[in-house]
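[1] Sequence plus the predicted model coming up.
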Amino acid sequence: MSRFAFRLFVAGRQARSQHMVGHFREICERHIMGHYELTVIDVLSRPDLAHRDRVLATPTVIRLSPGPACRIIGDLADEQALVSELGLQPGQPAGGSEAAGLVENKVRKQTGAPLP
Amino acid sequence: MSCRSLSLEETADIYRRQLRASRACFDAIVNRSADGVVVLSADGGICFVNPAAETLLGRPAEQLLGEIFGIPLVPGEAVEIDLLRDGSLGIAELRVVETEWQDRPAYLATLRDITEHKLAEQKAREAVRRRDEFLAMLSHELRNPLAAIVNAARIMRRGGIEQESFERSGEVIERQCQQMTRLLHDLLEVSRVSQGKIELRRTVIDLRSAVGEALEAVTPLIDSRSHRLRLELATAPLEVDGDPARLNQVVTNLLTNAAKYTDSVGTIRLTADREGGEAVLRVRDSGIGIPADMLTEVFEPFVQAHGSLSRSESGMGVGLALVRTLVELHGGTVSVQSDGPGRGSEFVVRLPLASVPSGEEPTAETAPSPGSQLRILVVEDNTDAREMLTQLLELDGHETGAAADGVTAVEMIELHRPQVALVDIGLPLQDGYEVARQVRANPANAGTLLIALTGYGQTEDRRRALEAGFDAHLVKPIELDELYRLLAECLSVS
C-alpha cells in the first residue's frame, strides 16, 4: 500500500483536463515519488463514480489516504497551496515501483484510455 | 427633557427590528444575486447556498448543505470549474475569499455561470477554423483554373502552333473561366444568404422541369465520372410555388454533390414524386457517404464532410448550405441520411405543393440568337476586358466603339447614338450611374439601350442601375448568349 491515495476527477479528455492530470502527477512525482496511487476519473464517461463520491464540480482531488479524507476543488495550479493542503510530505516509503505499475493499470481501467 | 431607561421588552423589540432589517438586507443582496453564493467551512463543507447557487449546482439547498464541495485553493483568483448537474455540464467561474461563518474561519465562494459565454467562445473558434479551412480551399480552387489559363495563354502566344492546339487552348481558357465564374457566383450567393439578401421570384412551376434543366447542367460531370443515373419522375406535374432559377440551383447542387462524392462508375438515383401535400425530391448516391457526426453539419457553410484537398473534385462547402437556405426560403425542408462512410447518402427535399393549379405550362425560353448587326459602345476601363469584349462583338458582326472613362462615354453616346451601350459601373472621372443619368437627361438619346455591367449581382445594385436610367443590368463576366437574349427582349419591346 502506498502512503498516499488520490482520486482526481476531471470532465472530458480535452487539453485542459489532460493538462490538469499531467500537472497534478508532476507535483506528486516531485514531492512524494513512489509513495502515491493516483486514480483519474473522467466524470463524463463515468458519471456513476462521480455520483458515488458526491462530486459536485471538477477538477476535484480527493485524498483518500492518509486519513482523514480531504477534498480540493478548482484550479490545481498553486503548487505550494496544494502541497500544504494535501500534506504532500513523504513519510515511510511503502509500495515503491510496484505501486506505480498498479497505478497505471488503475488509470487505464477507470478512464478507458492510457494517460501519459 | 426627561430620560428613562428602556424596558427589557422595548430593548428586545429594537433588536428584533434590527434583526429583521438585517435579514431583509441579506435577502435583498445575497438571495437575489445572479451569482451563486456558497459559504464553505474550512474543510470544504457547504454551510450556505443562495438560490442562484442551487440553480447552478442543480440541487436544492436541503441536498447541498453538509455536502463537501472541496477546499478552494486560490483565494482571490478566478478559476474555471465544471459543474456536474443532472444531464448537463455547466461551466462556472469560481472566486473565493476567506471569511468567517458562525465565528469559524470559512470561505465565501461565488459562482458565475459562464456556460453560454464558453459555448459562444467555442463557436467563434470553430468559425475561425472553418474560415481558415475555407481560405485554403478557396486558394486551391482558384489556383487550379488559373494554372490552366496561364498555360493556355502561353501556348497561344508561341508562334507557329497548330490551329487545333490554338483552339484547344482557347477552349481551356473559356472553360476554366466559366468554372471560376461559377465559383465566384457561389461565393456571392453564400454572402447574400448569410446576410439574408436572397429574394425569390416566385411563380407556379413544375418541379420536374427544374430537374430537367439541372440534368442538362450536370450531365457532363456525371458522364465524365461514368456514373449511372436513374431517374424516376412523377407522371403528373409537381407544381410548387417557387423561383425556377433557385429550384434549378437546388437540384443542380444536389446532383453535383452526388456526382462529386461518388467514385467513378457509381449510381445516382433521382426521384421526384408527390407525397401528401408535398413534392418530394430524393437524390441518392452510392458514394463515399457521410459520417454520422457530420450529418447535421453538412448544411453549414464551408463545411466539408471530407475536408481533404487531395480530392480533385473537392468544392468549397457552399453548395449544400445554399440548398438548405433556398429550400427553406421556399417553405420546405431538406434532410440527409447516410449509413456512414462508404455507404452512400440520400438527400431529401420536401416542398409544399402549390395550392392553385397553374393554367398554362411554363413557357420555354427562346434560344438566344445574335440578331441583326448592331452599333454597340463598350464602356470599360479595364483595357483587356474592353478589347476582348469589343473584339468578340465584332466577330459576331457588330459595329463597335469603345470608351475607357465616364466622360468620354457620354460624349461618344451623344456623338454616335449607338443602339446599345454596355457600361461598366466603376469608371474613372464619373461612374456608370452618372453616365446613365446624363445620357437619359437628353431625350435625343432615348434610342440607345443602356446596359450596366457590374461585378456584383445584388438586388440593390440592380435597383440602383435601373434608377439611374439603365434599361438592364448584367453581371460580369457577361455571357454573350445572355447579352443577346437581353438585346432580343429589349429591342423587340422598343
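    Structure's in. What do you need? Bear in mind that the values here come from a model prediction, so they are computed numbers and not experimental data. Numbers count the residues shown, from 1 in each chain, chains lettered A, B, ... in the order given.
[2] got the buried residues for the helix or strand harbouring B:V204?
    Here B:V204, judged by DSSP states H and E, is contained in strand B:203-206. By 16 or more other C-beta atoms under 10 Å in any protein chain shown, the buried positions in strand B:203-206 come out as B:V204, B:I205, B:D206. Where C-beta positions appear, they are placed from N, C-alpha and C, glycine not excepted.
[3] I would like the residues contacting the very next helix or strand once past it, please.
    Per DSSP H and E, the first helix or strand lying C-terminal to strand B:203-206 is helix B:207-224. Here helix B:207-224 makes contact (C-beta atoms under 8 Å, 6 or more residues apart in numbering or on different chains) with B:229, B:231, B:233-234, B:237-240, B:242, B:244, B:247-248, B:250-252, B:255-256, B:259-260, B:268, B:270, B:272, B:279, B:281, B:351, B:362.
[4] got it, and stretch B:27-45?
    A:70-73, B:46-57, B:66-72, B:92, B:99, B:101, B:104-113.
[5] just the helices in the stretch 201-350 of chain B please.
    Per DSSP state H, counting those that start in this stretch, the stretch 201-350 of chain B carries helices over the ranges B:207-224, B:244-260, B:319-329.
[6] Now render the ones you listed as JSON lines, adding distance to B:M180 and mean neighbour count.
    Compiled in JSON lines, these are given as follows (distance: least, C-beta to C-beta, whole Å; neighbours: other C-beta atoms under 10 Å in any protein chain shown):
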{"stretch": "helix B:207-224", "distance to B:M180": "16", "mean neighbour count": "17"}
{"stretch": "helix B:244-260", "distance to B:M180": "16", "mean neighbour count": "23"}
{"stretch": "helix B:319-329", "distance to B:M180": "16", "mean neighbour count": "21"}
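[7] Compute the number of surrounding residues for the residue of chain A found nearest chain B.
    Nearest to chain B in chain A, going by C-beta to the nearest C-beta, is A:I73, at a distance of 2.8 Å. A:I73: 27 surrounding residues under other C-beta atoms under 10 Å in any protein chain shown.
[8] check contacts around the residue lying closest to it once chain neighbours are set aside.
    Nearest residue to A:I73 in three dimensions, chain neighbours excluded: B:G70, at 2.8 Å (C-beta to C-beta, 6 or more residues apart in numbering or on different chains). Contacts for B:G70 (C-beta under 8 Å, 6+ apart) come out as A:L56, A:A57, A:T60, A:V61, A:R71, A:I72, A:I73, A:G74, B:L40, B:G44.
[9] For the fifth one, grab the count of nearby residues.
    A:R71 is surrounded by 23 other residues when neighbours are defined as other C-beta under 10 Å.
[10] Distance of the closest residue to it other than its chain neighbours relative to B:L108?
    In this structure, A:R71 finds its nearest non-sequential neighbour in B:G70, 4.2 Å apart by C-beta to C-beta, 6+ apart. Distance, B:G70 to B:L108, by C-beta to C-beta, to the nearest Å: 15 Å.
[11] Then B:L320?
    For B:L320 relative to B:L108 (C-beta to C-beta), the value is 52 Å.
[12] Repeat that for B:I155.
    Remark: distance between B:I155 and B:L108 (C-beta to C-beta) = 79 Å.
[13] and residue 103, what pLDDT?
    All of this is about chain A. A:V103 is assigned a predicted lDDT (pLDDT) of 39.
[14] try again with chain B
    pLDDT, B:D103: 91.
[15] what's the neighbour count on it?
    6.
[16] For the residue nearest to A:R71, what are phi and psi?
    In terms of degrees, to the nearest 10, the main-chain angles of B:G70 are phi 120, psi 160.
[17] Count the neighbours of residue 23 for me.
    Here I'm looking at chain A. 16.
[18] nope, chain B
    B:R23, neighbours per other C-beta under 10 Å, totals 11.
[19] what's the farthest-apart pair in the contacts of B:G70?
    Maximum pairwise distance in the contacts of B:G70, criterion C-beta to C-beta, is 15.4 Å, between A:V61 and B:L40.
[20] returning to what we had before: near chain A, which of the buried residues of strand B:203-206 show up?
    Checked against chain A using C-beta under 8 Å from any C-beta of the partner chain, the buried residues of strand B:203-206 yield no neighbours at all.
[21] Using CSV, lay out those together with pLDDT.
    CSV is the format used below for those (pLDDT from 0 to 100):
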residue, pLDDT
B:V204, 90
B:I205, 90
B:D206, 91
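[22] Just the closest of those residues to chain A, please.
    B:I205 (49.7 Å).
[23] contacting residues for that closest one?
    Contacts of B:I205 (C-beta under 8 Å, 6+ apart): B:E239, B:V240, B:G242, B:P244, B:L247, B:P362.
[24] So which of the residues you listed is the closest to chain A?
    Once C-beta to the nearest C-beta is applied, the member of those that ends up nearest chain A is B:L247, at 43.2 Å.
[25] Which residue, neighbours along the chain excluded, lies closest to the closest one?
    B:A210 (4.0 Å).
[26] in its sheet, what does the longest strand seen in chain B sit against?
    Ordering each strand of chain B by length in residues (DSSP state E) puts strand B:89-101 first. Strand B:89-101 has the following sheet partners, assigned by DSSP bridges: strand B:79-84 (antiparallel), strand B:104-113 (antiparallel).
[27] ok, now which ones touch B:A120?
    Applying C-beta under 8 Å, 6+ apart to B:A120 gives no contacts.
[28] pLDDT (mean, whole number) over the host helix or strand of it?
    Element membership of B:A120 [criterion: DSSP H and E] is helix B:115-157. Computed over helix B:115-157, the mean pLDDT rounds to 82.
[29] List the buried residues of the next helix-or-strand element following it.
    Downstream of helix B:115-157, the next assigned helix or strand under DSSP H and E is helix B:163-194. Buried residues in helix B:163-194, defined by neighbour count with 16+ other C-beta under 10 Å: B:169, B:172-173, B:176, B:179-180, B:183-184, B:186, B:188-190, B:192-193.
[30] between these, which is nearest A:R16?
    Among the buried residues of helix B:163-194, and counting by C-beta to C-beta, the member closest to A:R16 is B:V190, at 33.6 Å.
[31] State the distance from the closest one to chain A.
    31 Å (C-beta to the nearest C-beta, to the nearest Å).
[32] Correct me if wrong: that residue contacts B:L320.
    No - using C-beta atoms under 8 Å as the test, B:V190 is too far from B:L320 to be in contact (10.9 Å).
[33] what does chain A have sitting close to chain B?
    A:11, A:43-44, A:47, A:50, A:54-61, A:70-78, A:81-82, A:85.
[34] before we move on, back to that, the contacts of B:I205 into a markdown table, with extra columns for pLDDT?
    Compiled in a markdown table, the contacts of B:I205 are given as follows (pLDDT from 0 to 100):
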| residue | pLDDT |
| --- | --- |
| B:E239 | 91 |
| B:V240 | 92 |
| B:G242 | 90 |
| B:P244 | 87 |
| B:L247 | 90 |
| B:P362 | 42 |
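[35] Adding distance to B:R16 as columns, could you present these in TSV?
    What follows is those, written out as TSV (distance: C-beta to C-beta, whole Å):
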residue	distance to B:R16
B:E239	80
B:V240	76
B:G242	75
B:P244	81
B:L247	77
B:P362	86
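[36] of all the residues you listed, which comes closest to B:R129?
    B:L247 (32.7 Å).
[37] I'd like to check which residues are in contact with that closest one.
    Here B:L247 is in contact with B:I205, B:L207, B:A210, B:V240, B:L326, B:H330, B:L351 (criterion: C-beta under 8 Å, 6+ apart).
[38] Can you name the residues in contact with stretch B:455-473?
    Against stretch B:455-473 from outside (C-beta under 8 Å, 6+ apart): B:185, B:188, B:192, B:197, B:199, B:423, B:425-426, B:432-434, B:436-437, B:439-440, B:449-452, B:454, B:475-476, B:486, B:490.
[39] Now that stretch - C-alpha only, PDB.
    C-alpha atoms of stretch B:455-473 as PDB (Å, rounded to 0.1, in the frame of the first residue of the first chain):
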ATOM      1  CA  GLY B 455     -19.200  42.800 -60.700                       C
ATOM      2  CA  TYR B 456     -22.000  42.400 -58.200                       C
ATOM      3  CA  GLY B 457     -25.300  40.800 -58.800                       C
ATOM      4  CA  GLN B 458     -27.100  42.100 -55.700                       C
ATOM      5  CA  THR B 459     -30.600  43.200 -55.900                       C
ATOM      6  CA  GLU B 460     -29.500  46.600 -54.600                       C
ATOM      7  CA  ASP B 461     -27.100  47.100 -57.500                       C
ATOM      8  CA  ARG B 462     -29.800  46.200 -60.000                       C
ATOM      9  CA  ARG B 463     -32.200  48.700 -58.400                       C
ATOM     10  CA  ARG B 464     -29.600  51.500 -58.400                       C
ATOM     11  CA  ALA B 465     -28.800  50.800 -62.000                       C
ATOM     12  CA  LEU B 466     -32.400  51.000 -63.100                       C
ATOM     13  CA  GLU B 467     -33.000  54.100 -61.100                       C
ATOM     14  CA  ALA B 468     -30.000  55.800 -62.800                       C
ATOM     15  CA  GLY B 469     -31.600  55.200 -66.200                       C
ATOM     16  CA  PHE B 470     -30.200  51.800 -67.300                       C
ATOM     17  CA  ASP B 471     -32.500  49.500 -69.100                       C
ATOM     18  CA  ALA B 472     -30.900  46.400 -67.900                       C
ATOM     19  CA  HIS B 473     -28.100  45.100 -65.700                       C
END
